[in-house]
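> when you get a sec, could you give me coordinates for this:
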Amino acid sequence: MNSKLRCVIIGGGVAGACLSKDLSKRGLEVILLEKSSMLCSGATWHAAGLVTRFAGSSKLKKIHVRSLELMEDLQNQSDIGLHLPGSIRIIEKGDQARYLEAKHHYEMSKLYDLPGLETQILPPEEIGRVHPLVSTNNIECGLYTPHDGDVDPTSLTNAVAKTAKQQGARYSLNTRVVDVSRLEAGGFKVATLDHKQQPDEITCDLLVNAAGLWSTAISDMMNIPHPAVVIEHQYVITESIPQLVDRKERVPVLRDLRGSTYIRQERTGLLLGPYEKECVVHDEWKHGPPVEWDMQLFDPSIDRMAECLEAVMDLVPVVGEVGIQNVTNGPTIWKADSLARVGGTSIPGYYEFNSLTYGIAQSLALSEYLTHIMLDGEQPFDAASEFFPGRFASWQNPEYLKEKVQDTYSRNNQPVYPYENRTAGRDKLSKGLLYKELEANGACFGIANGGVESPLYFQDSDDSRILRDNTFYHHDWQDIVEKEASMVHSSVGVSHLSFSKLLLKGCDSKETYKLLTKIGTNTPPKRSNRCKLTYLTSPSGFVVSEFSMCKRPNGDYYLVGARDMVEFDKWWIQLQADKLGLDVSVVDITPNVEIIHIAGPDSQKALSSLLSEDTLRDLKFLHIKASTLNTPKEEPIPVNVFRVSFTGLPGYELHVDAQHAHQVFRHLQRAASCRGGGVFGSLALNSLRVEVAFKLRADLDYVHYSEAGIEMFTKNKDFIGKDDTRLPTRKHVILKVDCEEGWEWSVGSDCPIFSQSKGIDDVLGVTTTTAKGARTGHSYALGYMFTSKYNTDESPETANDLVVSAFGKIWPVTILDCPPARVGVVTQSEPSSQGEMQGEPSGSRISA
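Predicted structure coming up:
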């Protein structure tokens with residue numbers, strides 16, 4: 001990267017300051033613009049300053065662990081007010097859900113905690129010893145994270161800003177950005193006003209929106225969708241507490257999950273920060289607070305916090321004996337999932353680093369993460385599903401956003417269940433004809449970042465049960481899903497597939513072919529209507545995306561991938577095309593095309609009444625053919641028919657114009673019913689695919705291609721990141737899990753695999769995705785074993801001692817030589833030898 005590149009960072013909060021430090025350290029000319037006369041004037045200065053190594057997901061866990069590593073280094077250089085007394089998440093007696101969730105968090109921590117800083121589960125008496133203010137009468141246990149605590153946000157920001165300036169970064173205060181435009185030759189022109197309203201301009205090669213509360217205004221200047229809102233968040237500081245006055249050590253931070261409140265020491269009092277049920281959204285601020293808003297606060301509202309504070313008094317009775325010294329009610333910016341926007345955008349050279357709900361805890365690590373993206377062309381690990389700026393794109397309307405943010409905020413400390421289907425705001429989204437057709441068939445919908453609701457399963461009209469989704473085991477829908485999967489396996493089923501659809505268009509087909517050859521592991525098909533599976537890799541060889549690719553008669557390539565990641569995939573592919581100097585554009589046609597999927601041994605017979613005989617007769621495996629779906633009373637409907645299925649059974653995908661998708665689904669559903677089949681959802685699909693070891697994106701999440709088990713799809717000789725000399729650090733495996741009744745669907749991702757005789761502290765592997773298999777009735781998990789710790793050939797005795805831990809349960813696991821079911825084979829089977837599976841497809845979306 002050219003060291004003379006100039007980068008302008010808009011925003012002088014903790015995020016902008018951290019990024020200015022990291023970019024200037026890499027040799028860039030960095031200029032930070034801040035509209036106020038001082039740093040931290042937006043949301044940073046009044047933040048409660050909590051920092052933690054805890055997280056509910058592995059990717060956030062990595063961010064939090066790394067942030068505290070960097071923060072401790074800063075504290076050693078200069079005092080930033082960092083206190084690390086540890087933190088305890090309080091689990092009350094009788095709260096089984098939070099107890100099981102805490103067990104899972106404890107298990108996951110074994111994979112990601114630093115040595116010597118391991119998460120622990122504390123009994124009540126130990127909680128009382130380390131935090132004498134706590135009443136332990138109603139406590140079951142506590143999840144203790146050592147070296148958690150708090151930091152002074154202003155001191156942290158000023159410390160990183162000082163380092164940045166020493167490295168050559170320039171800070172321009174009293175400089176408000178009023179417009180941004182793109183230059184024809186590349187780069188940007190930033191128009192500003194100073195505090196005297198004097199205009200100025202600055203040009204730059206790279207531009208970063210770190211404007212915090214005002215970041216939506218900058219995104220609007222760039223015409224980048226930015227669904228986020230400013231909300232109010234309060235905390236209370238108590239008067240001095242006598243028991244803390246003479247105490248030498250700070251008490252640990254508490255997280256009162258029942259009261260949804262964090263509790264930390266503030267001098268000789270306590271700071272209490274609730275996530276109350278009533279979340280106040282300032283949706284009238286479309287572009288953030290007024291320009292003149294500078295280190296201002298809202299009026300406090302004790303009444304909104306009353307229920308949470310009452311719960312705090314039950315946990316820490318002394319709080320009820322002292323008065324309130326201060327109430328802070330400040331603005332913060334939230335998205336629907338409460339996660340930050342960090343990464344590249346559709347505009348080359350323009351990056352987003354904003355909407356950090358937990359900016360103090362995350363900015364140091366996320367700045368490092370973004371720096372790698374900007375200067376190295378890849379992230380140190382993949383968290384695009386959590387942080388990529390475009391993950392919500394423009395499908396979120398203001399009504400949905402407001403209701404979803406309010407729901408997410410108020411549920412901040414509620415358990416997160418593996419199959420929970422939170423519906424807040426979804427009634428505010430537009431519903432198409434396909435949705436109504438699926439709904440009429442009893443669909444229970446799930447939703448993801450792609451904004452499309454797709455069926456999890458279908459509930460019969462005569463089934464009057466209210467099915468719960470807030471459980472970790474004994475799922476109410478289990479009998480429905482298993483019946484659906486059995487139906488597909490024995491006859492035929494119809495479903496909706498929510499994949500992305502991209503077109504790669506070049507000045508000629510050679511340009512597009514060259515691009516796919518460079519960025520994908522597999523050689524693209526040269527003949528029209530042929531399909532292949534490929535994986536896109538980073539410069540270091542880590543898998544970032546997966547696609548089925550098909551060459552169209554006009555020379556374009558049609559890519560089908562993960563709908564949740566469509567915005568990221570568009571960005572990544574276009575970025576690589578631009579770097580390679582290829583005249584290729586990426587066009588997203590996902591909203592215009594729907595996929596209706598039919599699978600099972602009778603799928604061809606069911607289709608025979610709707611498609612011409614020659615279509616089905618001539619259509620070979622991994623081919624696509626344009627055809628028409630014919631019905632007696634309607635005009636023929638053009639469809640593109642793929643012979644492919646993600647179930648591992650014979651099947652087809654019908655790609656159809658979205659306006660006709662409901663008709664195609666209805667006709668296929670009727671055709672399936674005539675043969676004893678019906679409709680099925682994504683959970684049944686998962687049940688079928690896991691037995692043939694078809695991988696989801698979660699199974700390939702930034703794993704090196706040489707470790708992913710995709711050898712037969714790495715035919716390219718010179719794709720980006722290809723390195724055959726790299727020694728693998730883990731090996732992909734499929735595991736049979738012998739779990740007890742009711743828990744068959746409960747082994748999730750990030751569950752540690754270990755030897756029962758050695759214990760959970762010596763982790764040998766990890767699960768990625770799991771399900772109960774439809775053919776065999778057993779539970780299976782895909783995952784990885786760490787090669788430095790486990791080798792089947794060298795330690796066969798350990799293979800008989802392997803277990804997996806999930807929600808505090810420990811179950812035996814067996815590493816299978818091959819998947820328990822064979823692709824395209826309908827009959828039930830037990831695992832066979834590896835030799836019998838030679839040459840069988842093992843990638844995603846493939847079936848004979």
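
> quick check: which ranges of this protein have low pLDDT?
1-3, 448-449, 792-798, 825-848 (pLDDT under 70).

> tell me how far Asp148 lies from Ile121.
15 Å (C-beta to C-beta, to the nearest Å). Any C-beta I mention is one placed from the backbone N, CA and C, and that applies to glycine too.

> I should have written Thr332 there, sorry.
In terms of C-beta to C-beta, Thr332 sits 31 Å off from Ile121.

> which one of the two has more residues nearby?
Thr332 (22 against 18; other C-beta atoms under 10 Å).

> Provide the strand pairings for the helix or strand that that one is a member of, with the direction of each partner.
Using DSSP states H and E, Thr332 maps to strand 324-334. Applying DSSP bridges to the sheet, strand 324-334 is found paired with strand 229-238 (antiparallel).

> leaving out chain neighbours, which residue sits closest to Pro153?
Distances taken as C-beta to C-beta, 6 or more residues apart in numbering put Ala47 closest to Pro153, at 4.6 Å, once the chain neighbours are dropped.

> quick one: contacts for that neighbour?
Ala47 is in contact with Pro153, Gly330, Thr332, Gly359, Ile360, counting by C-beta atoms under 8 Å, 6 or more residues apart in numbering.

> kindly export stretch 552-565 (C-alpha atoms) in PDB.
Provided in PDB are the C-alpha atoms of stretch 552-565 (Å, rounded to 0.1, in the frame of the first residue of the first chain):
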ATOM      1  CA  ARG A 552     -25.700 -18.100 -19.400                       C
ATOM      2  CA  PRO A 553     -26.100 -18.300 -23.200                       C
ATOM      3  CA  ASN A 554     -25.200 -14.500 -23.400                       C
ATOM      4  CA  GLY A 555     -21.900 -15.100 -21.700                       C
ATOM      5  CA  ASP A 556     -22.800 -13.700 -18.300                       C
ATOM      6  CA  TYR A 557     -22.300 -15.800 -15.200                       C
ATOM      7  CA  TYR A 558     -25.200 -16.400 -12.800                       C
ATOM      8  CA  LEU A 559     -24.100 -16.900  -9.200                       C
ATOM      9  CA  VAL A 560     -26.300 -18.400  -6.500                       C
ATOM     10  CA  GLY A 561     -25.100 -17.900  -2.900                       C
ATOM     11  CA  ALA A 562     -26.000 -17.000   0.700                       C
ATOM     12  CA  ARG A 563     -28.800 -14.400   0.800                       C
ATOM     13  CA  ASP A 564     -27.700 -13.000   4.100                       C
ATOM     14  CA  MET A 565     -24.300 -12.100   2.600                       C
END
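
> list the buried ones in it?
Arg552, Gly555, Asp556, Tyr557, Tyr558, Leu559, Val560, Gly561, Ala562, Arg563, Asp564, Met565 (16 or more other C-beta atoms under 10 Å).

> greatest separation within those residues: which pair is it?
Gly555 and Asp564 (28.7 Å; C-beta to C-beta).

> what does Val281 show for phi and psi?
phi -110, psi 130 (degrees, to the nearest 10).

> for it, name its beta-bridge partners.
Ile231.

> that one and Val405 touch, don't they?
Yes - if you go by C-beta atoms under 8 Å, Val281 and Val405 touch, sitting 6.1 Å apart.

> and these two? which has more neighbours close in?
More crowded of Val281 and Val405, by other C-beta under 10 Å: Val405, with 26 against 18.

> let me see the contact set for Met735.
One thing to correct before we go on: residue 735 is Leu, not Met. By C-beta under 8 Å, 6+ apart, the neighbours of Leu735 are Ile753, Thr767, Tyr780, Ala781, Leu782, Gly783, Val804, Val813, Thr814, Ile815, Leu816.

> got it, and Gly493?
So Gly493 contacts Glu484, Met487, Ile598, Ala599, Gly600, Ala672, Gly677, Gly678, Val679, Phe680, Ala684 (C-beta under 8 Å, 6+ apart).

> wait, the fourth one touches Thr647, no?
It stands for Ala599. Yes - the criterion here is C-beta under 8 Å, and Ala599 meets it with Thr647 at 4.4 Å.

> now do stretch 584-601: distance to the chain's middle.
22 Å (C-alpha atoms, centre = their mean, to the nearest Å).

> mind listing what's buried along that stretch?
Under the neighbour-count rule (16+ other C-beta under 10 Å), stretch 584-601 has Val584, Val586, Thr590, Val593, Glu594, Ile595, Ile596, His597, Ile598, Ala599, Gly600, Pro601 buried.

> of those, which belong to strands?
Mapping the buried residues of stretch 584-601 onto strands (DSSP state E) picks out Val584, Val586, Val593, Glu594, Ile595, Ile596, His597, Ile598, Ala599.

> kindly reformat the residues you listed as a markdown table containing distance to Leu5.
Formatted as a markdown table, those follow (distance: C-beta to C-beta, whole Å):
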| residue | distance to Leu5 |
| --- | --- |
| Val584 | 25 |
| Val586 | 25 |
| Val593 | 39 |
| Glu594 | 43 |
| Ile595 | 42 |
| Ile596 | 48 |
| His597 | 47 |
| Ile598 | 52 |
| Ala599 | 51 |
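
> ok, of these, which one's closest to Leu366?
The closest of these, once distances to Leu366 are taken by C-beta to C-beta, is Val586, at 26.0 Å.

> what sits opposite the closest one in the beta ladder?
Leu504.

> show me the contacts for it.
Leu502, Leu503, Leu504, Lys570, Ile573, Gln574, Ala577.

> secondary structure class for Gln197?
Of the three states, Gln197 takes coil under DSSP: H, G, I helix; E, B strand; the rest coil.

> next, give phi and psi for it.
Backbone torsions for Gln197, taken as degrees, to the nearest 10, come to phi 70, psi 20.

> quick check: the gap between the nearest residue to Ile139 once chain neighbours are set aside and Ser135.
Spatial nearest neighbour of Ile139, excluding adjacent residues (C-beta to C-beta, 6+ apart): Pro124 at 4.5 Å. Using C-beta to C-beta, we find Pro124 at a distance of 10 Å from Ser135.

> and those two? which has more neighbours close in?
Neighbour totals were compared for Pro124 and Ser135, and Pro124 leads with 19 against 15 (other C-beta under 10 Å).

> and the strand or helix carrying Arg666, what's buried?
Assigned by DSSP H and E, Arg666 belongs to helix 661-673. For helix 661-673, a neighbour-count test (16+ other C-beta under 10 Å) marks Ala661, His662, Gln663, Val664, Phe665, Arg666, His667, Leu668, Gln669, Ala671, Ala672 as buried.

> would JSON lines of the residues you listed with distance to Pro820 be doable?
Below are these laid out as JSON lines (distance: C-beta to C-beta, whole Å):
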{"residue": "Ala661", "distance to Pro820": "34"}
{"residue": "His662", "distance to Pro820": "36"}
{"residue": "Gln663", "distance to Pro820": "37"}
{"residue": "Val664", "distance to Pro820": "33"}
{"residue": "Phe665", "distance to Pro820": "31"}
{"residue": "Arg666", "distance to Pro820": "35"}
{"residue": "His667", "distance to Pro820": "34"}
{"residue": "Leu668", "distance to Pro820": "29"}
{"residue": "Gln669", "distance to Pro820": "29"}
{"residue": "Ala671", "distance to Pro820": "30"}
{"residue": "Ala672", "distance to Pro820": "26"}
